[in-house]
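# Structure for this input, please:
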Amino acid sequence: MPAVFDMSLIQCGARLRRTPFFEATQRYGAKAYTVYNHMLFPIRFADLEEEYWHLINHVTLWDVSVERQVEITGPDAFRFTNMLTPRDLTKCAVGQGKYVVITAEDGGIINDPVLLRLGENHFWLALADSDVLLWARGAALRSGLTVEIREPDVSPVQIQGPQAKPVVQALLGDAVLKLGYYYFLETKLDGIPVVVTRTGWTGEVGYEIYLRDGSRGDELWERIMAAGKAHQIRPTGPSDIRRIEAGILNWGADMTLEDNPYEVGLERLVDEGKKDDYLGRDALRHIRAQGVARKLVGVEIDGARLDFNATKWPVAAAGRPVGRITSAIYSPRLKKNIGYAMVPVPNAAAGTKLSVSIPGAGERSATVVPMPFVDPTKEIPKA
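Have a look, this model is predicted:
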């Protein structure tokens with residue numbers, strides 16, 4: 001087995017929580033972790049490009065237990081959850097999921113979770129890296145609604161790649177293959193309680209398995225690895241290369257509380273005909289009527305390959321500072337540096353020329369291009 005990562009390099013006391021799969025990620029040679037939703041998150045087991053190609057050609061297993069759940073139950077759970085998001089949840093059936101935004105009173109994006117409706121008044125919000133549990137409890141305080149809001153014992157892993165279907169079929173039988181995109185089923189795997197969803201963060205065929213008993217993380221991990229052995233499954237970190245190719249945004253980098261859905265291209269998540277009120281409704285109506293001053297756009301950056309950006313690089317047009325790169329990386333498949341830039345609307349049209357200041361690499365020319373960069377109609381993950 002590879003050398004175990006020295007956790008003393010980042011761990012300081014018990015404040016940072018470990019996932020139910022932590023021992024397995026150590027055993028399989030995780031080489032780097034970050035902190036996400038107050039938990040240790042394995043982000044690399046090998047070279048990032050090597051992991052990307054394995055995802056593209058085979059199948060990968062990710063520990064994404066850091067997608068902490070906010071569980072909302074109680075007699076008014078539907079009314080309350082519907083109040084948190086511009087999406088119309090009357091269109092979300094029990095057994096279905098939705099990609100949603102949680103908006104603040106000014107229209108800013110607090111989070112962009114995957115919402116699962118487990119019952120008429122039972123919801124999970126699978127979170128990006130921000131404290132929605134506290135926001136939801138605050139919103140409930142004077143809502144007059146009867147709800148219970150907590151973090152349940154639920155820990156997801158993702159199985160992603162073109163061989164994901166035969167792996168989950170070997171695990172759970174033929175029923176799982178009938179799941180539509182963003183639908184899920186509740187079941188048990190050798191007595192291990194799980195929820196299996198047809199979702200992922202790759203733009204590839206993918207599933208997430210939500211473990212409902214954290215004491216059985218190691219069992220579930222090894223069962224997945226055994227089922228995937230014939231298909232060359234391997235643990236990896238989430239692939240930023242592939243998610244940028246797919247036009248998938250990362251909360252905290254590509255959008256924050258300072259951004260609204262219209263600025264970052266998520267206007268499809270605002271149901272204009274929604275009858276029920278929600279937090280941020282008036283602000284979003286005003287923003288839509290007035291228009292936005294800036295937009296998140298796709299860019300191609302010229303020159304030699306770039307490493308994944310660790311800061312938001314300055315962007316200029318005609319020598320004048322206009323914005324910033326939020327995410328950028330080299331795509332081995334496209335043989336281009338690609339990414340996203342937040343720029344004023346006059347600089348957002350396809351074909352617009354920009355320049356980017358890159359630490360250690362100087363000024364690079366860039367061009368605004370459409371995104372997603374690969375599979376714009378999302379045919380691959382729906383297959």
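# Near Leu179, how many other residues are there?
Other residues within reach of Leu179, judged by other Cβ atoms under 10 Å, total 17. All C-beta atoms are positioned from the backbone trio N, CA, C, and that covers glycine.
# show me the contacts for the residue nearest to it when sequence neighbours are not counted.
Distances taken as Cβ to Cβ, 6 or more residues apart in numbering place Arg198 nearest to Leu179, at 4.3 Å, with adjacent residues excluded. Listed by Cβ atoms under 8 Å, 6 or more residues apart in numbering, the contact set of Arg198 reads 179-184, 206-207.
# What subset of those is buried?
179, 182-184, 206-207 (16 or more other Cβ atoms under 10 Å).
# Give the ranges of residues in the stretch 51-200 of the chain that sit below the confidence cut-off.
Residues of the stretch 51-200 of the chain that meet the criterion pLDDT under 70 are absent altogether.
# Which stretches in it count as helices?
77-84, 132-141, 164-172 (DSSP state H, counting those that start in this stretch).
# okay, those helices, which one's buried deepest?
helix 77-84 (a mean of 23; mean count of other Cβ atoms under 10 Å).
# Tell me the helices and strands packed up against it.
Helix 77-84 sits against strand 122-126, helix 132-141, with contacts defined as 3 or more Cβ pairs under 8 Å, 6 or more residues apart in numbering; DSSP states H and E.
# How far away from the center of its chain is that helix?
22 Å (Cα atoms, centre = their mean, to the nearest Å).
# Stretch 116-129 too?
Relative to the chain's own centre, stretch 116-129 is displaced by 15 Å; criterion: Cα atoms, centre = their mean.
# Would you mind splitting the chain into its domains for me?
Structurally, the chain divides into domains by automatic domain parsing as follows: 7-67+153-243, 69-150, 293-370.
# out of the ones you listed, nearest to Val270?
domain 69-150 (4.1 Å; Cβ to Cβ).
# and the end-to-end length of that closest one?
For domain 69-150, the first-to-last residue distance is 8 Å (Cα to Cα, to the nearest Å).
# which residues sit against the top helix by length along the chain?
In the chain, taking DSSP state H as the definition, the longest helix is helix 217-228. For helix 217-228, the surrounding residues in contact (Cβ under 8 Å, 6+ apart) are 19-24, 59, 61, 63, 65, 155, 157, 159, 163, 167-168, 170-171, 189-190, 192, 194, 209, 211, 233, 235.
# Inside strands: which ones of those residues?
61, 63, 155, 157, 159, 189, 192, 194, 209, 211, 235 (DSSP state E).
# Can you add neighbour count and distance to Ala175 and give the residues you listed back as a markdown table?
As requested, the ones in strands among the contacts of helix 217-228 are exported to a markdown table (neighbours: other Cβ atoms under 10 Å; distance: Cβ to Cβ, whole Å):
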| residue | neighbour count | distance to Ala175 |
| --- | --- | --- |
| Leu61 | 26 | 21 |
| Asp63 | 28 | 25 |
| Ser155 | 25 | 22 |
| Val157 | 26 | 19 |
| Ile159 | 25 | 16 |
| Leu189 | 19 | 12 |
| Ile192 | 17 | 16 |
| Val194 | 24 | 13 |
| Ile209 | 25 | 14 |
| Leu211 | 25 | 19 |
| Pro235 | 24 | 26 |
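# on that earlier part again, out of the contacts of Arg198, who's nearest Leu48?
Gly206 (18.4 Å).
# ok, now which ones touch the nearest residue to that closest one once chain neighbours are set aside?
In space, and not counting its chain neighbours, Gly206 is closest to Gly200: 2.6 Å by Cβ to Cβ, 6+ apart. The contact partners of Gly200, by Cβ under 8 Å, 6+ apart, come to 158, 160, 206-208, 381.
# mind putting those in JSON lines, distance to Lys295 included?
Below are these laid out as JSON lines (distance: Cβ to Cβ, whole Å):
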{"residue": "Gln158", "distance to Lys295": "30"}
{"residue": "Gln160", "distance to Lys295": "29"}
{"residue": "Gly206", "distance to Lys295": "28"}
{"residue": "Tyr207", "distance to Lys295": "33"}
{"residue": "Glu208", "distance to Lys295": "30"}
{"residue": "Pro381", "distance to Lys295": "25"}
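# returning to that earlier point: how far does the longest helix of the chain sit from its chain's centre?
Taking Cα atoms, centre = their mean, one finds the center of helix 217-228 at 23 Å from the center of the full chain.
# next one: stretch 62-82
Distance, centroid of stretch 62-82 to centroid of chain: 15 Å (Cα atoms, centre = their mean).
# partners of the helix or strand Asn337 falls within, with directions?
Assigned by DSSP states H and E, Asn337 belongs to strand 336-344. For strand 336-344, the pairing partners within the sheet under DSSP bridges are strand 294-301 (antiparallel), strand 320-331 (antiparallel).
# neighbours around Ile233, how many?
Using other Cβ under 10 Å, Ile233 has 22 other residues around it.
# ok, for it, nearest residue in space, not its chain neighbours?
Ile233 sits nearest to Val59 (Cβ to Cβ, 6+ apart), 4.9 Å away.
# need the contact list for the one you found.
Per Cβ under 8 Å, 6+ apart, neighbours of Val59: 159-164, 167, 228, 231-233.
# wait, which of these is closest to Gly339?
For the contacts of Val59, the nearest to Gly339 is Gln160 (21.2 Å; Cβ to Cβ).
# Verify the contact between the closest one and Ile209 for me.
No - applying Cβ atoms under 8 Å, one finds Gln160 not in contact with Ile209, separated by 11.5 Å.
# the strands in the stretch 251-383 of the chain, which residues?
294-301, 314-317, 320-331, 336-344, 353-358, 362-369 (DSSP state E, counting those that start in this stretch).
# and those as JSON lines, adding distance to Arg150 and mean pLDDT?
Output for the strands of the stretch 251-383 of the chain, formatted as JSON lines (distance: least, Cβ to Cβ, whole Å; pLDDT from 0 to 100):
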{"stretch": "strand 294-301", "distance to Arg150": "33", "mean pLDDT": "98"}
{"stretch": "strand 314-317", "distance to Arg150": "42", "mean pLDDT": "98"}
{"stretch": "strand 320-331", "distance to Arg150": "32", "mean pLDDT": "98"}
{"stretch": "strand 336-344", "distance to Arg150": "34", "mean pLDDT": "98"}
{"stretch": "strand 353-358", "distance to Arg150": "44", "mean pLDDT": "98"}
{"stretch": "strand 362-369", "distance to Arg150": "43", "mean pLDDT": "98"}
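# I appreciate the help and will end here.
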